[in-house]
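*Asks:* Mind looking at a prediction? Sequence and model below.
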There are 2 protein chains.
Amino acid sequence: MIEAELFTDAHAHTAGRPERDELEISAVLHALSDPVRLQIVAALHDGVERSCGSLELPVTKSTCTHHFRVLREAGVIRQRHEGTSRLNSLRRDDLEARFPGLLDTVLRAAATS
Amino acid sequence: MIEAELFTDAHAHTAGRPERDELEISAVLHALSDPVRLQIVAALHDGVERSCGSLELPVTKSTCTHHFRVLREAGVIRQRHEGTSRLNSLRRDDLEARFPGLLDTVLRAAATS
DNA sequence: TCTATAGTACGACGATCATCGTACATCTGC
DNA sequence: GCAGATGTACGATGATCGTCGTACTATAGA
């Protein structure tokens, strides 16, 4: 990750949190292609912010951290610090602006499995 | 692949060509999450059957075969033999029945990249 | 201050992935 | 039959992935 050393303030966000116009369809689809991550996204679908621990996932804490990072770096979710928790929420607006209908379509598809 | 030896006629299709009701959203999303495969799917979007070689892809023949297999085993495309060629086409109807709107949404998202 | 609690960082592991080259199979046209 | 074209099979390689355990940080509450 040589680029990390080159980040200016203007681009320092790109590693962990891609801007709306930087979202890549391949990365988003890859993020959504894992069952555990799809479960996370489905749980956040109602718009309510949820902590990592409040979701009952069939993996350990460290794997959980990994999946939240993949979703965050793909631009699917954002994470907000509050106390000892990280509150997660979907980036609905950004996703809808960039890839209209994608999130709803995928979640509806996942629901009928 | 032990199952291969156990296939009866009733299930002999499942390895290479999942039935409509066997399509899995995770497998489909994974298949679509690769740029080369997305390019293939976009090229087949007009409904025209195309041979593997008629698509100009930035990979070798064997890699091409690999990508077509991933798409076929996920249920995204079907392959038909004709002469020395394999004609590929999207499984539009099956995908639409199982995951309504998914294909169009993804392709529209991919087009705006 | 001490102790939980919530999550991250890091390293490891086996599995899967995308890619390639070479060899092979199959069909067409001569 | 032979040569060319189209695609597959197989093995290899380096990269990425999903998972875990352990150690760590940071906050909240007593």
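*Replies:* Received, thanks.
*Asks:* Near DNA strand C, which residues of chain A are found?
*Replies:* Neighbours of DNA strand C within chain A, by Cβ under 7 Å from any atom of the strand: A:51-54, A:61-62, A:64-65, A:68-69, A:79, A:84-86. For the C-beta atoms, the positions are set from N, CA and C on the backbone; glycine is no exception.
*Asks:* In chain A, what residue lies closest to DNA strand D?
*Replies:* Closest contact between chain A and DNA strand D, by Cβ to the nearest atom of the strand, is at residue A:62 (2.9 Å).
*Asks:* contacting residues for residue A:80?
*Replies:* Going by Cβ atoms under 8 Å, 6 or more residues apart in numbering or on different chains, residue A:80 touches A:49, A:86, A:87, A:88, A:89.
*Asks:* quick one: it from residue B:65, how far?
*Replies:* According to Cβ to Cβ, to the nearest Å, residue A:80 stands 46 Å off from residue B:65.
*Asks:* What of residue A:73?
*Replies:* Residue A:73 is 31 Å from residue B:65, where distance means Cβ to Cβ.
*Asks:* Between those two, which has more neighbouring residues?
*Replies:* residue A:73 (16 against 13; other Cβ atoms under 10 Å in any protein chain shown).
*Asks:* State the pLDDT value of that one.
*Replies:* Here, the pLDDT recorded for residue A:73 equals 97.
*Asks:* still on that earlier bit, is it possible to get JSON lines of the contacts of residue A:80 that adds pLDDT, secondary structure and neighbour count?
*Replies:* JSON lines is the format used below for those (pLDDT from 0 to 100; DSSP: H, G, I helix; E, B strand; the rest coil; neighbours: other Cβ atoms under 10 Å in any protein chain shown):
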{"residue": "A:49", "pLDDT": "97", "secondary structure": "coil", "neighbour count": "16"}
{"residue": "A:86", "pLDDT": "96", "secondary structure": "strand", "neighbour count": "18"}
{"residue": "A:87", "pLDDT": "97", "secondary structure": "strand", "neighbour count": "16"}
{"residue": "A:88", "pLDDT": "98", "secondary structure": "strand", "neighbour count": "24"}
{"residue": "A:89", "pLDDT": "98", "secondary structure": "strand", "neighbour count": "14"}
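*Asks:* of all these, which comes closest to residue A:20?
*Replies:* residue A:89 (15.2 Å; Cβ to Cβ).
*Asks:* Show the contacting residues for that closest one.
*Replies:* A:44, A:47, A:48, A:49, A:50, A:77, A:78, A:80.
*Asks:* Now, the residues you listed that are in strands?
*Replies:* Judged by DSSP state E, these include A:50, A:77, A:78, A:80 as members of strands.
*Asks:* Quick one: buried ones out of those?
*Replies:* With burial judged by 16 or more other Cβ atoms under 10 Å in any protein chain shown, the buried subset of those is A:50, A:77, A:78.
*Asks:* Would you mind measuring from residue A:35 to chain B?
*Replies:* Per Cβ to the nearest Cβ, to the nearest Å, residue A:35 is found 5 Å from chain B.
*Asks:* got the phi/psi numbers for that residue?
*Replies:* The phi and psi torsions at residue A:35 (degrees, to the nearest 10) take the values phi -60, psi -40.
*Asks:* Can you list the low-confidence ranges for chain A?
*Replies:* Counting by pLDDT under 70, chain A contains low-confidence ranges at A:1-16.
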